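J.: no sequence on this one, just coordinates:
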């Protein structure tokens with residue numbers, strides 16, 4: 001279906017895209033400036049904050065489902081969180097700031113509902129709701145949401161598949177012994 005056939009003008013799409021970009025940027029900055037975005041790491045972590053945990057603990061099991069044959073899902077999530085934390089600790093300060101803004105936007109109640117479709121707390125979201133959120137971002141008409149999905153997917157999958165316990169489920173024998 002073309003934009004013209006749907007009754008939406010190109011100007012309308014551009015206005016919507018610009019408005020959404022401004023909204024997302026403002027929400028991230030607001031979270032940072034209002035104190036919603038703590039810079040203090042959660043206990044046992046170097047970079048990940050307590051405010052990041054509910055989102056990540058809800059999303060990671062869905063993203064790695066079917067790839068945890070050798071370990072329990074809880075152990076896989078814990079291992080992935082620690083690997084993710086280690087990877088984030090190695091990012092440049094600017095990239096870490098952008099990643100934390102992404103986590104802030106999905107954690108804040110005012111932005112979480114409209115942007116993710118998860119209107120309640122992440123702890124109460126079921127796997128189907130999270131799959132819907134991930135699909136919504138992956139297929140969004142807004143480049144910013146597609147980039148958010150891509151970043152999240154890459155961060156989580158690199159954190160999980162970088163761990164030896166993930167290799168059996170995908171048939172990888174591990175690096176050669178030297």
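T.: That came in fine, so what should we check first? Fair warning: this is a prediction, and the values are worked out from it, not measured in the lab.

J.: was I right to think residue 77 contacts residue 59?
T.: No. Using C-beta atoms under 8 Å, residue 77 makes no contact with residue 59, being 9.6 Å away. C-beta coordinates here come from the backbone N, C-alpha and C atoms, glycine included.

J.: residue 65: how many residues sit nearby?
T.: Other residues near residue 65 number 12, with proximity taken as other C-beta atoms under 10 Å.

J.: how far away is it from residue 100?
T.: Per C-beta to C-beta, to the nearest Å, residue 65 is found 26 Å from residue 100.

J.: so where is this protein shaky, pLDDT-wise?
T.: Along the chain, segments meeting pLDDT under 70 span 1-38, 70.

J.: one more time with 90
T.: Along the chain, the model assigns pLDDT under 90 to residues 1-39, 66-72, 165-178.

J.: do a quick rundown of the helices in it.
T.: Using DSSP state H, the helices assigned to the chain run over residues 10-34, 53-63, 73-89, 93-107, 109-116, 127-138, 143-161, 164-167.

J.: check this protein and tell me which residue is nearest its centre.
T.: The chain has residue 152 as the residue nearest its centroid, 3.8 Å off, counting by C-alpha atoms, centre = their mean.

J.: report the buried residues of stretch 133-146.
T.: Judged by neighbour count (16 or more other C-beta atoms under 10 Å), stretch 133-146 contains these buried residues: 133, 134, 137, 140, 142, 144, 145.

J.: pretty sure the fourth one is touching residue 147, no?
T.: Right, the one you point to is residue 140. No. Counting by C-beta under 8 Å, residue 147 is not a contact partner of residue 140; they are 9.5 Å apart.

J.: so what sits against both of the two?
T.: Here residue 140 and residue 147 share no contacting residue, scored by C-beta atoms under 8 Å, 6 or more residues apart in numbering.

J.: endpoints of stretch 124-143, how far apart?
T.: Length of stretch 124-143, first residue to last, C-alpha to C-alpha, to the nearest Å: 28 Å.

J.: kindly apply the preceding question to stretch 40-54 instead.
T.: By C-alpha to C-alpha, the extent of stretch 40-54 from end to end equals 16 Å.

J.: backbone dihedrals for residue 177, please?
T.: Taking degrees, to the nearest 10, you get phi -80, psi 130 for the backbone angles of residue 177.
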